[in-house]
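Enquirer: Fold the following for me, if possible:
(4 chains)
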Amino acid sequence: MAIFVDKDTRVVVQGITGRDGGFHTSEMMAYGTKVVAGCTPGRGGQKFQDKVPVFDTVREAVANEGANTSVIFVPPAGAAGAIMEAADAGCKLVVCITEGVPTVDMVRVMPYLKERGVRLVGPNCPGLLAPGIAKLGILPASIVKEGPVGLVSRSGTLTYEVVYQLTAAGLGQTTCLGIGGDPIIGTNFLDAIEAFNADPATEAFVMIGEIGGDAEEKAAAYIKAHVKKPVVSFIAGQTAPPGKRMGHAGAIVSGGTGTAAEKKRALNDAGIPVAERPMDIVPQLKSIWKR
Amino acid sequence: MAIFVDKDTRVVVQGITGRDGGFHTSEMMAYGTKVVAGCTPGRGGQKFQDKVPVFDTVREAVANEGANTSVIFVPPAGAAGAIMEAADAGCKLVVCITEGVPTVDMVRVMPYLKERGVRLVGPNCPGLLAPGIAKLGILPASIVKEGPVGLVSRSGTLTYEVVYQLTAAGLGQTTCLGIGGDPIIGTNFLDAIEAFNADPATEAFVMIGEIGGDAEEKAAAYIKAHVKKPVVSFIAGQTAPPGKRMGHAGAIVSGGTGTAAEKKRALNDAGIPVAERPMDIVPQLKSIWKR
Amino acid sequence: MNIHEYQAKEIFARHGLPVPPGEVATTVGEAVALAGKFGLPVMVKSQVLTGGRGKAGGVKFCKTIDDVKENASKILGMDIKGHTVRKVLVTPALDIASEFYVGMLIDRTSQRVLLMCSAEGGMEIEQVAKDKPEAILKLPIDPRFGLLDHEALELGLKMCPGEVKKARQLATAMQKLYAAFLAADASLAEINPFIFTPDGIGHAIDGKVSFDDNAMYRHADYEALRDLEAEDPSERQAREANLSFVKLEGNVGCLVNGAGLAMATMDLVKYYGGQPANFLDIGGSSNPEKVVNALKIILQDKAVKVILFNIFGGITRCDDVANGIIKATEMMTIDVPIVVRLTGTNEAEGRALLAKTKLHPAETMDEAVQKAIALAG
Amino acid sequence: MNIHEYQAKEIFARHGLPVPPGEVATTVGEAVALAGKFGLPVMVKSQVLTGGRGKAGGVKFCKTIDDVKENASKILGMDIKGHTVRKVLVTPALDIASEFYVGMLIDRTSQRVLLMCSAEGGMEIEQVAKDKPEAILKLPIDPRFGLLDHEALELGLKMCPGEVKKARQLATAMQKLYAAFLAADASLAEINPFIFTPDGIGHAIDGKVSFDDNAMYRHADYEALRDLEAEDPSERQAREANLSFVKLEGNVGCLVNGAGLAMATMDLVKYYGGQPANFLDIGGSSNPEKVVNALKIILQDKAVKVILFNIFGGITRCDDVANGIIKATEMMTIDVPIVVRLTGTNEAEGRALLAKTKLHPAETMDEAVQKAIALAG
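Expert: Modelled structure (predicted):
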């Protein structure tokens, strides 16, 4: 089992005819993900790799191929519109990989999704990979393995680093989820943790946070109150200077809040071990996890 | 009993310190309506007629006096804002008397009310009068009488004309409701008819329509399908030329639709008698009503 | 309030819609000069506030300057459905590869701005709605989110299947038209047709905009757009006197308080075989000046043979109203009979006042209307 | 992207906020001329991209031309928190009866634009938040309906109880600031303070605006607002090369793919007792040119004693990345040691390629960081 996806996940890729969209669609298909359609306005009627029908609109992809999930690779100027299109067409899960979406666009998108009961992952995220089930996004399939650990992270390659170490240590994953580095994202730590907590296949999980905002603090409070499963955490950006955006639009310490120190304190107060180094995550998880 | 109001209706009047607002508030109070507060920004702390406290905001009126209903007499430029303020403050019924509210403003108001579960009557309407219970708006109390007939109308004085005849014929009313003459109104014929149909005190009712739109046609279809109570109708504007606005912003025959002839046909098809003259309404109602 | 094509296009252009150049001429000479300015061929288009200009011969393609002279002189002064042509729009004639309809209006049912579009451009949309309703695509626009990119593009692709570049131009035009509609407080805004020239570029070559009269107060500039010459003089006076008035063809002048009652009164005049001369709502006031203004406007029409007051005294008391009417009739000489029906609050007192005058009192609407028709002869 | 006070006020003025006149001077002479133009007394205000200008002596009230001369010459060239003052804003000094704070930012929790306002105007809002959080009123604005009249007026009345005229001016300012925020794609917009002069008229006398970097593509005009002199030269080069880069004070130059991994790498350098020289995310590409650009920028800093690559090959294969790094290092002369850690897809192949070079390979992040620190000496 996994969170957010299952064997009935039928994917339409928005921006399938683009360079990145095409490459990652191939990767998703190679992993066995049911990519049933693509969408690029003006390319309706074509086929991607002679297999996957391309439509002008997501509505057609849903109507003709039963797509229920969208993965978005369109450029930033069209990303918010693409998310709304997918939601309006009836997709219940939308994964937006696109980096650089204007924040005000996301402010407008969020209530639109809420009214339609749509889950968004991202934007500016690697997506999710449920080993053995489906890969939605760009997480490298080569490093994952089926198993009992859940992983949620605001980062991309740092996530891969940790997944790599988990897999190397023999700890497979139920779902690896990158929620994205922007200030406004569809699925936050809390959503992911609630889902991991409810998922019977997930026995333990790892949360990889970073500076900016207070999503880690909120997650800590939730875990303290509701979660019995073992959790280990890591926070990136202890050495980041205040007021500077560290790559991710959301990774910024402003007005003295959102610091790594605050987050670590909140996590420790909630009884959640915070690894000092990425390499400590797996040993710490093993040490608190009575299998 | 009545529709939309009862003995717990506690009214705040928005624009109570204006000329019309003040006059009609006195009339409402004279009829025994529970006017518990007024609202005019900048007049907070004053009292209307040494009795009714005036507040700067509707929120304060709700918090301090338990107002649950608003009657609005503010000028057109502020009317849409006043409706939203009342809804946001927690009023569940808002009666907007103001004439001349820009239509685009009402387009914006409607979803705001829907999200908050608020009933609006009007704008550009005389409001409602439930004899013996409450008067919300400007319907003259002198012409009404308690009794079993419901009345709903898009018009003002034409409504009074019919109420007058009902009362003269000994037929009192449960509620007289003027829904307003604008193209976009909060409570339409259908809403009123559903309510009258469900109200045990209402034994029969009268619907006074006019040219423009197709609200009468929709009401006719509903009555045919759901209503067993006797109903008589009247449609004003048979002689109105096409394309001309007949006073009410909504009273216009455009593109050949919204004509009196169409409406009469729809009503007749639904088995609802349509009086040729206003004076025929009461006799026709009596003739079909087996009391 | 309706405005001319050239004015609608100015609004379109301000909102970034692709409007071809064009200017208005009131004489043949001006039209010729404009044709020279824009270069032949041009269209010469009558500017009147009614539809069906093309069928009436009021829109002409001109290949030569002689064509411009001939057509401008024919069209200027022409009568189209009772409207005299006083202005023509001169604009470059474009080569039309395909034409579309894009329009918006206030929809009572959805309580939203309704976007309508069709590949049957260039025809009156009411006609398309009658003949081929499935050819009209409709979308009620959610005011909270506006016209979204995917919504507009889906419609554009339905209108131009397989031609995404054209679909995008149509989608953009829809979004700009929506922005114009909201900014202008329109009640109707149409581009008809939106055309593509053979090079695949879109142009809004004709359009119509009506303003919401309720929103005039926030558009001080709209008064300047009003074509006073095109308006019926009595309707113009009524508007200036803040009276809700519509001119009709009969001989019974009607003064009624309330729009619904005013319509019902007209209907009753007709029911009894008479012909109403007008719709007029004098509102709830008992102000004699308002009554004087209303009477002046109605009595300009020499066809009017009788004046009919139908007043329901609600909050306003009938005796007050009677006093207002009496004062007003004393302030001017009126040589047609006046029938006054007063009902409602204090009706007895009101009628007592009227009894002392030469006004003809009536107790009911029916009595009043019948009396008026009889007096009209 | 941050802009100066005078630029923020230009945006405010365009959206109808009541901004006093003012112009920027770069010399004492210009400042004196402007004081003459606006009339004494004036304020001379340093324009630097940091807060606390007042405390640092960078904002002065000038009653006389001599005051202007003295203060302008003191302020121009002054250092405020590491920022050199190159411009002063000269603007009429207003008589302040009361002052307020009105600001907006993107709120992650409500996922809306958060309106904050306070009667504690003129102070840094972070300080008010710390000392007197109850003095800050907050409202997350529903993007679907905007900032409604009653919402703004309620806040205005809380800030100016019993003074409805002032409350309305504050409410209008909030609504205009919201319009400006959206139109400008801001991430922060503050009026601080919004003051009332003794005549009860409101003025936005100081302000701050930051733009959302993600939205720069739709504001071509913003590049002209960027103060290139105020920017660190290496950060500017990085921006122009489309690299996500932040300059730091250490000696270990870091090149990492991915922002999270880059932060974690910096943290690990610190953990092992070293000091990172920078944050740099080179992204997922194996393009040698990007690596060259990044190296050039980092190596400008003479403090840098070692280069540390930390690359996780996910979709990008490690052998490709290794080739890119090798090519890049061949394209320039680099006289500091380079440590390269490559993990992930095809890591063995990647490491085999590096083995043939003088680059220092490492298997894990920890090993790489420790090696780099040792090499930095």
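Enquirer: Each with direction, which strands does the strand or helix carrying C:V113 pair with?
Expert: Counting by DSSP states H and E, the element that carries C:V113 is strand C:112-118. Strand pairing for strand C:112-118, using DSSP bridges, gives strand C:98-107 (antiparallel), strand C:136-141 (antiparallel).
Enquirer: Reformat these into TSV and put mean neighbour count next to each item.
Expert: From N, CA and C alone the C-beta is placed, and that goes for glycine too. Compiled in TSV, the strands paired with strand C:112-118 are given as follows (neighbours: other C-beta atoms under 10 Å in any protein chain shown):
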stretch	mean neighbour count
strand C:98-107	23
strand C:136-141	17
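Enquirer: Mind checking if the helix or strand encompassing A:V36 is in reach of chain C?
Expert: Using DSSP H and E, A:V36 sits in strand A:35-39. No. Figure legend: strand A:35-39 not in contact with chain C (C-beta under 8 Å from any C-beta of the partner chain); closest approach 10.0 Å.
Enquirer: Run the chain-centre distance for that strand.
Expert: Mean-position distance between strand A:35-39 and its chain equals 20 Å (C-alpha atoms, centre = their mean, to the nearest Å).
Enquirer: Output the contacting helices and strands for that strand.
Expert: Contact here means 3 or more C-beta pairs under 8 Å, 6 or more residues apart in numbering or on different chains; DSSP states H and E; on that basis strand A:35-39 packs against strand A:11-14, helix A:19-30, strand A:52-55, helix A:58-65.
Enquirer: Can you give me the buried ones in the last one?
Expert: To tie it back to what came earlier, the one meant is helix A:58-65. A:58-62, A:65 (16 or more other C-beta atoms under 10 Å in any protein chain shown).
Enquirer: between the strand holding A:V36 and helix A:58-65, how big is the angle?
Expert: 150 degrees (axes from the mean of the first three to the mean of the last three C-alpha atoms, to 10 degrees).
Enquirer: ok, back up a step: ok, and what's touching the strand holding C:V113?
Expert: B:104, B:107, C:100-107, C:125, C:128, C:135-143, C:147, C:155, C:159, C:170, C:174, C:178, C:181-182 (C-beta atoms under 8 Å, 6 or more residues apart in numbering or on different chains).
Enquirer: ditto for stretch A:19-28
Expert: In contact with stretch A:19-28 (C-beta under 8 Å, 6+ apart) are residues A:11, A:13-16, A:35, A:38, A:48-49, A:52, A:71, A:73-74, A:97, A:134-138, A:141, D:315.
Enquirer: Run through the chain and note the low-pLDDT ranges.
Expert: Here I'm looking at chain A. Scanning chain A with the threshold set as pLDDT under 70 gives A:255.
Enquirer: should've been chain C
Expert: In chain C (pLDDT under 70), the answer is C:284-286, C:315.
Enquirer: which parts of it sit against chain D?
Expert: Counting by C-beta under 8 Å from any C-beta, the residues of chain C near chain D are C:144-145.
Enquirer: How about A:R291: what's its closest non-neighbour residue?
Expert: A:E203 (7.5 Å; C-beta to C-beta, 6 or more residues apart in numbering or on different chains).
Enquirer: show me what contacts the one you found?
Expert: Here A:E203 is in contact with A:148-149, A:229-230, A:289, A:291 (criterion: C-beta under 8 Å, 6+ apart).
Enquirer: how close does it sit to A:L128?
Expert: 18 Å (C-beta to C-beta, to the nearest Å).
Enquirer: Give the burial count for the residue of the stretch 201-350 of chain C found nearest chain D, as a bare number.
Expert: Closest to chain D within the stretch 201-350 of chain C is C:R218: 13.8 Å, counting by C-beta to the nearest C-beta. Residue neighbour count, defined by other C-beta atoms under 10 Å in any protein chain shown, stands at 12 for C:R218.
Enquirer: now C:K130
Expert: If we define neighbours as other C-beta under 10 Å, then C:K130 has 11 of them.
Enquirer: same check, this time on the one 5 residues further on
Expert: Using other C-beta under 10 Å, C:A135 is surrounded by 16 other residues.
Enquirer: name the element whatever residue of the stretch 1-150 of chain A ends up closest to chain B belongs to?
Expert: Proximity of the stretch 1-150 of chain A to chain B (C-beta to the nearest C-beta) peaks at A:E115, 9.4 Å away. Taking DSSP H and E as the definition, one finds A:E115 inside helix A:103-116.
Enquirer: ok, residues contacting stretch C:39-48?
Expert: C:4-6, C:24, C:31, C:34-35, C:53, C:56, C:58-65, C:67-68, C:71-72, C:75, C:78, C:80-81, C:83-93, C:206, C:230.
Enquirer: hang on, the earlier thing: give the ChimeraX command for selecting the buried subset of the contacts of stretch A:19-28.
Expert: Here is the ChimeraX command that selects the buried residues among the contacts of stretch A:19-28 (16+ other C-beta under 10 Å):
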select /A:11,13,14,15,16,35,38,48,52,71,73,74,97,134,135,136,137,138,141 /D:315
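Enquirer: For the most far-flung residue of chain A relative to its centre, which three-state class applies?
Expert: When distances to the mean C-alpha position of chain A are computed (C-alpha atoms, centre = their mean), the maximum falls on A:G45, with 30.7 Å. When classified by DSSP: H, G, I helix; E, B strand; the rest coil, A:G45 comes out as coil.
Enquirer: which ones are touching it?
Expert: A:G45 neighbours (C-beta under 8 Å, 6+ apart): A:54, C:162.
Enquirer: C:A204 against C:I191, yeah?
Expert: Yes. Counting by C-beta atoms under 8 Å, C:A204 touches C:I191, with 4.5 Å between them.
Enquirer: Between the two, which contacts overlap?
Expert: In contact with both C:A204 and C:I191: C:12, C:17, C:173, using C-beta under 8 Å, 6+ apart.
Enquirer: Would you convert the residues you listed into TSV that also reports neighbour count?
Expert: TSV is the format used below for those (neighbours: other C-beta under 10 Å):
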residue	neighbour count
C:F12	22
C:L17	23
C:A173	25
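Enquirer: from those residues, which ones fall inside helices?
Expert: Among those, the members falling in helices are C:12, C:173 (criterion: DSSP state H).
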